[in-house]
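Chemist: I would like to see how this sequence folds:
(one chain, ligands or ions: 1)
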Amino acid sequence: MEVLWYLTGPNGRYPWRADGARALTYPYFQQLARAVDHLGFTGALLATGAHDAWVQGASLIPYTDDFQHLIAAHPPLLSPTLLAKMITTFDQFSKGRLRVNIVNGDAKLIAQFGVHLSHDERYAYTDEYLTVLTALLRGETVTFKGKYIHVVDAGLPLPPYQRPIPPLWFGGSSKAAHEVAAKHIDTYLSWGETPQQAQEKIREVRQLAAQYGRADKIRFGIRLYVIVRDTEEAAWAAAQDLYDHMDEKSIAGAQNYVAGIDSIGQQRMSALHHGQKPQDLRELEIAPNLWSGIGLVRHGPGTALVGSPRQVLARIQDYRDAGIEVFIVSGMPLLEEAYRFAELVLPHLPVTRKTEQGITSAWTKERDTAWKNQG
Ligand SMILES: Cc1cc2nc3c(=O)[nH]c(=O)nc-3n(C[C@H](O)[C@H](O)[C@H](O)COP(=O)(O)O)c2cc1C
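Modeler: Purely as a prediction, here's the structure:
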């Protein structure tokens, strides 16, 4: 299995509030990336956010050794030939430490960049885009005229480091998204719904992938917050502390942002809390140890596993039983919680890391102990 951390805002103890947010500066990212690498995570997700994720990722290559950068790209915002070139450059310079997260955002977001495509058009666009992108990365010379994309005699001067091509990951929960993922994608990601919901999605995407002979080529991942403490009581007390700092103004701000959004993934997340803050935070425990309260104050990933290390490990196992192989986790603040997760949970998971030499190794508890014993 793979466990990735998160290298994008929001960050801080209560990042939705001015008095709880922490600035994400370049030196902080260097520190965070080094920590994630050192702690034994597979790598981290660099989502679209305040910084450009490609510039951010490239700037962190020299600060890490094994760390895999999972970098988000919005298809309609970049020519496929330009993205292919960015991918090969990054892949060469990092010696194969790149995965690309293909994301479609939502109409409001991409309108800010001057792109005005409806929800399903965005996926029709992405289908054409990935056809061209993957052909370029395989080394083909491409002339393609679709409804949206028209490239002539496109080719890459340099191959990627990873063959046949660097892994393409993807998040999107609509029917149109599932079709595109089934056809082109290596790892399909979902925000942290319940294990049962995850299992249903996996079944649907796998069935669609079977139409392209790809049922066993696609694997699945999930993005979750984790609030883990030595005991269950302490973990829920930490969740309560976050909850107590969720003021009306912050909740209204976040819920305003997601109102009317055309992302099905976001609508599914919002349905886990309905934008309402109940008196008792446990009313938002939508499955054992899965808490949807974070969604009240942030869009996108809004659920957290809450519990003791044993409980968090049991819930991770539930997702693994449902077919999930990749976990993208985080906590607030990003740095301190990376250490906490790495100390309480990570050593008990058979995490796969890809070393610089391209050797895949499992970082197990035994290995960790042996290494520590060497001083
Ligand atoms: C794990 C994960 C990470 C995502 N990262 C981003 C991102 O960085 N930027 C973005 O605009 N959307 C991101 N998304 C949102 C989706 O890519 C997708 O655009 C959104 O869910 C709307 O698609 P849908 O209507 O098919 O669900 C992410 C989704 C998932 C599951």
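
Chemist: Only C-alpha atoms from now on, for both contacts and neighbour counts.
Modeler: Will do.

Chemist: and Gly43, bridged to which residues?
Modeler: In this entry, Gly43 is beta-bridged to Leu4, Gln68, by DSSP bridges.

Chemist: Could you measure from it over to the ligand?
Modeler: Gly43 is 14 Å from the ligand, where distance means Cα to the nearest ligand atom, to the nearest Å.

Chemist: Neighbours of that residue, how many?
Modeler: Gly43: 28 surrounding residues under other Cα atoms under 10 Å.

Chemist: try Gln211
Modeler: Neighbours around Gln211, by other Cα under 10 Å: 11.

Chemist: begin at 33 from here
Modeler: Taking 33 as the first residue, the last one we looked at is Gln243.

Chemist: Would you mind listing the residues in contact with it?
Modeler: The contact partners of Gln243, by Cα atoms under 8 Å, 6 or more residues apart in numbering, come to none.

Chemist: mind redoing it with 10 Å?
Modeler: With contact set as Cα atoms under 10 Å, 6 or more residues apart in numbering, Gln243 has these partners: 214-215.

Chemist: Please tell me the pLDDT value assigned to it.
Modeler: On pLDDT, Gln243 comes in at 96.

Chemist: Is Arg372 inside a helix or a strand, and which specific one?
Modeler: Taking DSSP states H and E as the criterion, Arg372 maps to helix 366-376.

Chemist: which residue packs closest to Ser150, ignoring adjacent ones?
Modeler: Spatial nearest neighbour of Ser150, chain neighbours left out: Ala139 (6.7 Å); criterion: Cα to Cα, 6 or more residues apart in numbering.

Chemist: What parts of the stretch 83-232 of the chain come near the ligand?
Modeler: 104, 135-138, 203-206, 209, 221-223 (Cα under 6 Å from any ligand atom).

Chemist: mind listing which of the residues you listed are in helices?
Modeler: Ala209 (DSSP state H).

Chemist: hmm, which two among the residues of the stretch 83-232 of the chain next to the ligand are most spread apart?
Modeler: The distance between the two most remote of these (Cα to Cα) is 18.4 Å, for Ala104 and Ser206.

Chemist: okay, these two: which has more neighbours?
Modeler: Ala104 (23 against 16).

Chemist: residues in contact with the residue lying closest to that one once chain neighbours are set aside?
Modeler: Nearest residue to Ala104, sequence neighbours excluded (Cα to Cα, 6+ apart): Asn133, at 4.3 Å. Residues near Asn133 by Cα under 10 Å, 6+ apart: 77-80, 101-106, 199-203, 217, 219-221.
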